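In: Fold the stuff below for me.
(2 chains)
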Protein chains: 2
Amino acid sequence: MFGITTPIIKAGDDIVQILEASLQAAGLVPVDGDIFVLAESAVGTAENRIVKLASVKPGEKARFLGEKYGIDPREMELVLQECDELFGGVPGAALTITKGILSPNAGIDASNAPEGHVVLLPKDPRKSSESIRKGLEQHYSCRLGVIIGDSRTQPLRLGCTGIALGVSGFVPVEDARGTVDIYGKPLRLTYKAAADNLVSAAELLMGEAGERVPCVLIRGAPVEMVDESPEMPTISMEGCMYFGNIIKGRKEGTYEGSR
Amino acid sequence: MFGITTPIIKAGDDIVQILEASLQAAGLVPVDGDIFVLAESAVGTAENRIVKLASVKPGEKARFLGEKYGIDPREMELVLQECDELFGGVPGAALTITKGILSPNAGIDASNAPEGHVVLLPKDPRKSSESIRKGLEQHYSCRLGVIIGDSRTQPLRLGCTGIALGVSGFVPVEDARGTVDIYGKPLRLTYKAAADNLVSAAELLMGEAGERVPCVLIRGAPVEMVDESPEMPTISMEGCMYFGNIIKGRKEGTYEGSR
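Out: Predicted structure coming up:
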């Protein structure tokens, strides 16, 4: 794994060109099977997804929810515009589904945006990853993978891990159905979140902070390369261990409860 | 990162000795700052935490909940014995807090256990990681880190990522409060789940399957080494973006709801 240091990325920048220059400066030449993990804030910025908060006029709903969750009402307005669905919130975070993925505050990032601005998620992370992959593959004449990655907390856990918003060039979730354990028995946990794991690995080197490492190159990852940009598979709320449980639990009352 | 292939680990095995032999066979010599990620099933097995299901007599509650969630009532009995708290379940998974961590089925693993058996989590993953670390450090005369890792799904997401059950020798959650973004503004997401990210990285090489790679050595991880075994920090249910939201949402009814 190599952290790629770049100049500060600005609106309208060409990510592929910046990566090429930064890789050259680092003396790195990509090879077949290399995976690039890119921070969503860098890609969003390059794609002009920066919004000046002073230009946003919050509606009534945004003012109400902003106050309720302790979120700037102008940012809350953007959350409402960006998200597909809003569930609720805790102080500082409104829980949404955005672009098919569970995201606090619709993935809107105030860190790594200029003062008074926020960065929205790339409009279509899958397409962004594809166009960056094609650009890099053409330049380096090899088969590559690209992930647009973000940070996310886990349930009842302190600290952020990685999540893939969009991928191109490899299979993001490994299907291990039909494989067996060390004793030859069929496996129970049969899907491995390869893309999310790659982002988590990259976050070790990336940092959330002013480290200017918006990209990590991962070499030798045991993933299946494909010349397409697969959708990130999701599961239904009913089939989700966390949501299915809680939603049903609250409806039914409980036999179980605390012990 | 190096995947360490070992013989099948059996009850009563000495993990440190097995790792030493396997590292030697692989031509690897640990150096200062190396982190070992170990699969909980391997550590639990070595610690004799294997249970023969035929020896378990399920009580009334276990039979009721086993039927409700489609879980073998004998395994459900073990879940009830092992967990601190039970929230509910979806088909195949009862959601618990076990050893302070959110775990499906109390972390009980039927994969990688002999036919008719299951493996419970190590009794005290933090202590296990500590004793393995001390053993390895003594043998190799350097400062190491050890993580007992497990697989976990994420909310509304297909596929497993990594989670650290217990760590020794380094700081598991990086506290970035006080650091600034690329524009000099204070960061919002201020904790980084370094230990969980290391387990996720390791899972890329580990596989859930019969690959006999119960250990991954990670070299050059930018973590803070300490000569202790820090507790894994958690957050309250109210402060959790997922639980706080849903619990409150269900209680209050909603202004927000679906859009």
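
In: So which residues of the stretch 101-250 of chain A form strands?
Out: Using DSSP state E, counting those that start in this stretch, the strands found in the stretch 101-250 of chain A span residues A:101-104, A:117-119, A:145-153, A:160-168, A:174-175, A:191-192, A:215-218.

In: Is the fourth one in proximity to chain B?
Out: Yes: contact of strand A:160-168 with chain B is found when judged by Cβ under 8 Å from any Cβ of the partner chain, involving A:C160, A:T161, A:G162, A:I163. C-betas here are computed from N, CA, C, even on glycine.

In: Repeat that for the last one.
Out: No: applying Cβ under 8 Å from any Cβ, one finds that strand A:215-218 is not in contact with chain B, the shortest distance being 8.7 Å.

In: Now tabulate the strands of the stretch 101-250 of chain A in JSON lines and tack on mean pLDDT and mean neighbour count.
Out: Putting the strands of the stretch 101-250 of chain A into JSON lines (pLDDT from 0 to 100; neighbours: other Cβ atoms under 10 Å in any protein chain shown) gives the following:
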{"stretch": "strand A:101-104", "mean pLDDT": "90", "mean neighbour count": "24"}
{"stretch": "strand A:117-119", "mean pLDDT": "95", "mean neighbour count": "23"}
{"stretch": "strand A:145-153", "mean pLDDT": "94", "mean neighbour count": "27"}
{"stretch": "strand A:160-168", "mean pLDDT": "96", "mean neighbour count": "28"}
{"stretch": "strand A:174-175", "mean pLDDT": "88", "mean neighbour count": "18"}
{"stretch": "strand A:191-192", "mean pLDDT": "90", "mean neighbour count": "22"}
{"stretch": "strand A:215-218", "mean pLDDT": "97", "mean neighbour count": "24"}
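
In: re the thing from before, need the residues of strand A:160-168 next to chain B in CSV with distance to B:D150, can you?
Out: Output for those, formatted as CSV (distance: Cβ to Cβ, whole Å):
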residue, distance to B:D150
A:C160, 19
A:T161, 14
A:G162, 17
A:I163, 18
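
In: hmm, back to that, figure out which of the strands of the stretch 101-250 of chain A is closest to B:V79.
Out: Among the strands of the stretch 101-250 of chain A, strand A:191-192 comes nearest to B:V79, with 21.9 Å by Cβ to Cβ.

In: Quick one: residues contacting A:V29.
Out: Neighbouring residues of A:V29 by Cβ atoms under 8 Å, 6 or more residues apart in numbering or on different chains: A:L23, A:Y140.

In: Break down chain A into its helices, ranges please.
Out: Taking DSSP state H as the test, the helices found in chain A are A:15-26, A:40-46, A:60-69, A:73-82, A:125-140, A:194-206, A:241-252.

In: Make JSON lines out of those helices and add distance to B:F64 and mean pLDDT.
Out: Formatted as JSON lines, those follow (distance: least, Cβ to Cβ, whole Å; pLDDT from 0 to 100):
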{"stretch": "helix A:15-26", "distance to B:F64": "55", "mean pLDDT": "97"}
{"stretch": "helix A:40-46", "distance to B:F64": "45", "mean pLDDT": "95"}
{"stretch": "helix A:60-69", "distance to B:F64": "38", "mean pLDDT": "95"}
{"stretch": "helix A:73-82", "distance to B:F64": "42", "mean pLDDT": "97"}
{"stretch": "helix A:125-140", "distance to B:F64": "44", "mean pLDDT": "98"}
{"stretch": "helix A:194-206", "distance to B:F64": "35", "mean pLDDT": "95"}
{"stretch": "helix A:241-252", "distance to B:F64": "13", "mean pLDDT": "60"}
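
In: Take the ones you listed and write them to CSV, including distance to B:Y191 and mean neighbour count.
Out: Putting those into CSV (distance: least, Cβ to Cβ, whole Å; neighbours: other Cβ atoms under 10 Å in any protein chain shown) gives the following:
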stretch, distance to B:Y191, mean neighbour count
helix A:15-26, 28, 17
helix A:40-46, 18, 27
helix A:60-69, 19, 17
helix A:73-82, 21, 22
helix A:125-140, 24, 20
helix A:194-206, 12, 28
helix A:241-252, 20, 19
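
In: Turn the ones you listed into CSV, including distance to B:L136.
Out: Formatted as CSV, the helices of chain A follow (distance: least, Cβ to Cβ, whole Å):
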stretch, distance to B:L136
helix A:15-26, 33
helix A:40-46, 38
helix A:60-69, 46
helix A:73-82, 47
helix A:125-140, 39
helix A:194-206, 21
helix A:241-252, 34
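
In: domains in chain A, as residue ranges please.
Out: According to automatic domain parsing, chain A comprises the domains A:1-47+A:127-259, A:50-120.

In: Reformat those as CSV; add distance to B:V118.
Out: Below are the domains of chain A laid out as CSV (distance: least, Cβ to Cβ, whole Å):
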stretch, distance to B:V118
domain A:1-47+A:127-259, 10
domain A:50-120, 30
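
In: Which one, of those, ends up nearest to B:G169?
Out: domain A:1-47+A:127-259 (16.0 Å).

In: returning to what we had before: right, and the domains of chain A - which one's nearest B:I101?
Out: The nearest among those, by Cβ to Cβ, is domain A:1-47+A:127-259 at 7.6 Å.

In: Please name the nearest non-neighbouring residue to A:A39.
Out: Nearest non-adjacent residue to A:A39, counting by Cβ to Cβ, 6 or more residues apart in numbering or on different chains: A:P214, 4.3 Å away.
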